[in-house]
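S.K.: give the three-dimensional model of this entry:
(chains A and B)
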Amino acid sequence: MTARGRLALVAVLAACAHPAAAQDAVLRRGFSVKITAPAPDDFVVGRTKIQADVRSPSPGDVDRVEFLVQDKVIFVDREPPFECVHDFGEESKAWVIRALAYHREGFSVSDVVVTRKITVESFEQVNRVILWVTVTDRSDRLVSELKKEDFTVFEDGARQTIKDFMLEDRPITMAIVQDSSGSMRDAMGDVHQAAASFVETLRPQDRALVIDFDDHVFLLQELTADQALLKEAVTSTEALGATALYDALHAAFRKLRGIEGRKAIVLLSDGDDTSSLAGFDRILEEAKGQSVLLYAIGLGEVKKSVLRELAETTGGRAFFVGKAVELGDVYKKIAEELRRQYYLSYTTTNSTWDGRFVKLEVRANNPDWTVRARRGYFAVRGGLTPGAESPPRAR
Amino acid sequence: MPLRPPRILAVAAIALGSIPASAGRAGDVRKEAFKLLNEGVAAYNKADYRAAIPPLQRAASISLNSFRAHYFLGAALAGDRRWSDAVQAYTTALDLDPSHLQANVALGDALLALGDLDEARPYYARALKLRAEFAPALDGQARLAEAQADENQAIALYERAIASDRGFADAYTHLGDLYLRRGKLDDAVKLLAEAVSVKPDFGPGLDRLAVAYGRLGFSNEAVATIRKAIDLEPKNPEHRATLGEVLLGMGLATGAEESFRAAIAIDDAQPRARAGLAEIARRHGSYDDALAELDVALADPRLDAGSRAKLDARRAAIVEERGRTGALEARVAGAAATAADRIALAEVAAGRGDYGRAADLLAEARPGGRDRERLAYYAFRAGRFRDAHQIYAELARGGGRADLEVNDGAALARAGDDAKAKEAFLRALAVDPEHELAKLYLGNALLRLGDVEGATRTYREYLAAHATGTSSEQVRRILAQLAPATETKP
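M.R.: Next comes the predicted model:
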């Protein structure tokens, strides 16, 4: 291109400017707009209120506020409060929500919020909720001779009718997640021994994968029922580096996503997260959105509340031991629990698919029993029945 | 043409971390992950996407929280047009690092290629929230607007992308490509030339510049430019397909076919290469072969939405032409054909580049009026310049039509009779003194007759009236050769 041509091109390009791109308070004389709801990275489903806050030196400066979803105008508001309600449908999607505020002198400012798509498992079972339930007595012994009538299920306080019920004996898919950060060095011998013993408790039809993490997360063994391979993997780890606990859990949830049936993560860690890309909130959301039982073993000085919150959200459990030699007993306990869980399912009475977290509570008719099950599910259409298989025979 | 996914330099892969010296499986897995990532990134940086995919797939499957493994895997899959797989890999990469600008754009691009516009939109918007006026995101939004047939919005967004980052060659290329499709060839060449000026080794920019040169009739430049792109990215089938298209546009079917086949040797279902081979088959009248070529491309699950729409339209046109031609051929062979049948079949033959048969069929129809003029054109394109001259001369005798005189002159010139051609062009200019082609061709005829002074004067008159346009550049070059010391490009 000639110099003249280049200048002409630059001149053409310089002439263009997006009318509402800049939020420069000086240029816009203090006129600005901000979307206050929904918040960035929220997930929105169903009828949702969109609100915008318009700031202006004089109250009468605002001509109108246009609300756009996916670049299409959905509402024009001419007076405060600037808000509208839009039906985002029942499917979880990422949305681009824009508010365009016009000054009465003609110029405009804009704000954009991008919402997030929530990842929930979904299989083709309409409105069916499946739970795996563990019951223990006051002595922390597993209770395994119960009937359907011994349980009641509540969703946001509303009683549900249990449809299918059985003592679960079908295969389980498991992620064995092992911390190999530097601080685990002295415990490695006991860890290997305990984990290998745990692998031996798997039944031939069960499958497991092995994830090893320090500040990086590696898949040592893809899903297999071959105990020799699993034992080789769990006993090959070496202590080194920092602790990317959340990343490891994120990877485990991801690996189990899409697999039907009962699933569990068995995590061993000796410390708090120090180097993950993912944060606690994301992992907690993952734990809520997936139907995966999390069994967390904290070795030594760990932040108990973190592991407990994550595990109990899923219907799993957190264990804490002071010394590595105690790990064998804990793994044994987890193995027993996984073999003595109840499967129950029901058709939900919920009819509002607005993305909220629907709280679940399973009660037993004996006050001496403690019941553990996942705490709820996200009310997203198609995201209800993680883990669904063909309905079992009722017992 | 979809552009190559953005590159991240291979050095970035080093960030996977130090390799522990260890024995046993865990140590082996870590070493393998590191090695595979570097191997995959190296192949990716050479645009050898197919070679990059297996090591990156393996690296991503074992290095579970490696953003780079998943991101590069997505980029390599996108390079190989495996858009659905690319979406998965990019989604995992963004799970690991949601605020990565380029990954947001790349995921938007992959979704856009799948035709999922609503899914693509949030990723561009999120990138722009993370960094205002981020050129690749604006460029993505522009392509989104193009996909929605909102070209004016697309142009505005491309211009914003360029204004935001004058070194961002993709936006120049995409905007140039848009102008190319709109037929604004001069604007397209300016932008595409700027793309390869800001990034001299930018294969996609060179590719589209070659197409623009081809459309302008600058065949040598077109071929040289696309060959440069091939040298830079020998494993990229897009450039081989483009070379085929350029050669086909020049009427060099054999070379075009070779190039299309070279493209499908790299990527068996490369859509433009298959479309090119289909066109060559169609020109031979082998409609079934043409459809088979298109079907290979259409059966490819990687096919992006835009290419699918084009191929579907092309397929429908060929099926229609096959049916129409079959019926016409049967009537002509059975001697039951009307003059209208012969004229229609002549049109088909001409459309396939078989001007000899077109001229014969049309002559058999004993056409009058406009069809007789068309007969002259077919004869001309078939290389029967004397026949063409006779018809044009006869038609021109009616007087008052400069274009017929020009065509007559062109036929005479191609027949080697420049003296009579000159007279025809002068007659044309007598009718219309501003006739562009008459002046241009007169200059050419004078030059061939050895009248350099007359040719120079005529060319200058031509340039004075037509400073820009397809032929002006060529005239300037001729003038520069005639008087290199005095003629310079403004």
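S.K.: where does pLDDT dip in the stretch 251-395 of chain A?
M.R.: A:381-395 (pLDDT under 70).
S.K.: show me where it has helices.
M.R.: A:280-289, A:304-314, A:327-339 (DSSP state H, counting those that start in this stretch).
S.K.: need the contact partners of the second one.
M.R.: Counting contacts by C-beta atoms under 8 Å, 6 or more residues apart in numbering or on different chains, the residues outside helix A:304-314 that touch it are A:249, A:267, A:269, A:272-273, A:280, A:283-284, A:287-288, A:290-296, A:298, A:317-318, A:320, A:372, A:374-375. In short, each C-beta sits where N, CA and C put it, glycine included.
S.K.: which residues touch residue A:65?
M.R.: A:33, A:52, A:54, A:76-78, A:82, A:99-102.
S.K.: swap the cut-off to 6 Å and go again
M.R.: By C-beta atoms under 6 Å, 6 or more residues apart in numbering or on different chains, the contact set of residue A:65 is A:52, A:77, A:82, A:99, A:101.
S.K.: wait, a strand at it?
M.R.: Yes: counting by DSSP: H, G, I helix; E, B strand; the rest coil, residue A:65 is located in a strand.
S.K.: tell me how far it lies from chain B.
M.R.: To chain B, residue A:65 is 18 Å away according to C-beta to the nearest C-beta, to the nearest Å.
S.K.: for residue A:298, same thing?
M.R.: Residue A:298 sits 21 Å away from chain B, going by C-beta to the nearest C-beta.
S.K.: one more: residue A:68?
M.R.: For residue A:68 relative to chain B (C-beta to the nearest C-beta), the value is 11 Å.
S.K.: so who does the residue lying closest to that residue once chain neighbours are set aside touch?
M.R.: Nearest residue to residue A:68 in three dimensions, chain neighbours excluded: residue A:98, at 4.2 Å (C-beta to C-beta, 6 or more residues apart in numbering or on different chains). Taking C-beta under 6 Å, 6+ apart, we find residue A:98 in contact with A:68, A:110, A:112.
S.K.: which positions in chain B make contact with chain A?
M.R.: B:17, B:20, B:22, B:24-26, B:29, B:62, B:64-65, B:96-97, B:118, B:121-122, B:125-126, B:129, B:156, B:159-160, B:162-163, B:190, B:193-194 (C-beta under 6 Å from any C-beta of the partner chain).
S.K.: among those, which are in strands?
M.R.: Nothing among the residues of chain B next to chain A maps onto strands, per DSSP state E.
S.K.: residue A:223 contacts residue A:209, correct?
M.R.: Yes: the criterion here is C-beta atoms under 6 Å, and residue A:223 meets it with residue A:209 at 4.7 Å.
S.K.: show me what from chain A comes close to chain B.
M.R.: A:1, A:5, A:13, A:16, A:18, A:70, A:94, A:96, A:112, A:114, A:212, A:216-220, A:232-233, A:236-238, A:240, A:247, A:251, A:277.
S.K.: mind checking which of residue A:223 and residue A:209 has more residues around it?
M.R.: residue A:209 (21 against 16; other C-beta atoms under 10 Å in any protein chain shown).
S.K.: neighbouring contacts of the helix or strand hosting the more buried one?
M.R.: Residue A:209 belongs to strand A:207-213 when assigned by DSSP states H and E. With C-beta under 6 Å, 6+ apart as the test, strand A:207-213 has contacts from A:173-178, A:180, A:218-223, A:225, A:230, A:233-234, A:237, A:244, A:248, A:251-252, B:26.
S.K.: any weak-confidence spans in the stretch 101-250 of chain A?
M.R.: A:120-126.
S.K.: show me where it has helices.
M.R.: Using DSSP H, counting those that start in this stretch, helices in the stretch 101-250 of chain A cover A:188-200, A:227-234, A:245-256.
S.K.: adding mean neighbour count, write those helices out as CSV.
M.R.: As requested, the helices of the stretch 101-250 of chain A are exported to CSV (neighbours: other C-beta atoms under 10 Å in any protein chain shown):
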stretch, mean neighbour count
helix A:188-200, 19
helix A:227-234, 20
helix A:245-256, 25
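S.K.: how many residues are close by residue A:300?
M.R.: With other C-beta under 10 Å as criterion, residue A:300 counts 16.
S.K.: CA atoms of the helix or strand bottoming out on mean pLDDT in chain B as CSV?
M.R.: Here the helix or strand of chain B ranked lowest by mean pLDDT, DSSP states H and E is helix B:470-482, holding a mean of 80. Coordinates of each C-alpha in helix B:470-482 appear next as CSV, following Å, rounded to 0.1, in the frame of the first residue of the first chain:
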residue,chain,number,x,y,z
THR,B,470,-8.8,-2.8,-12.6
SER,B,471,-6.9,-1.9,-15.7
SER,B,472,-5.3,1.4,-14.6
GLU,B,473,-2.6,-0.3,-12.6
GLN,B,474,-1.7,-2.4,-15.5
VAL,B,475,-1.5,0.6,-17.8
ARG,B,476,0.7,2.4,-15.3
ARG,B,477,3.1,-0.5,-15.4
ILE,B,478,3.1,-0.5,-19.2
LEU,B,479,3.8,3.2,-19.2
ALA,B,480,6.6,2.7,-16.6
GLN,B,481,8.2,0.2,-18.9
LEU,B,482,7.8,2.5,-21.9
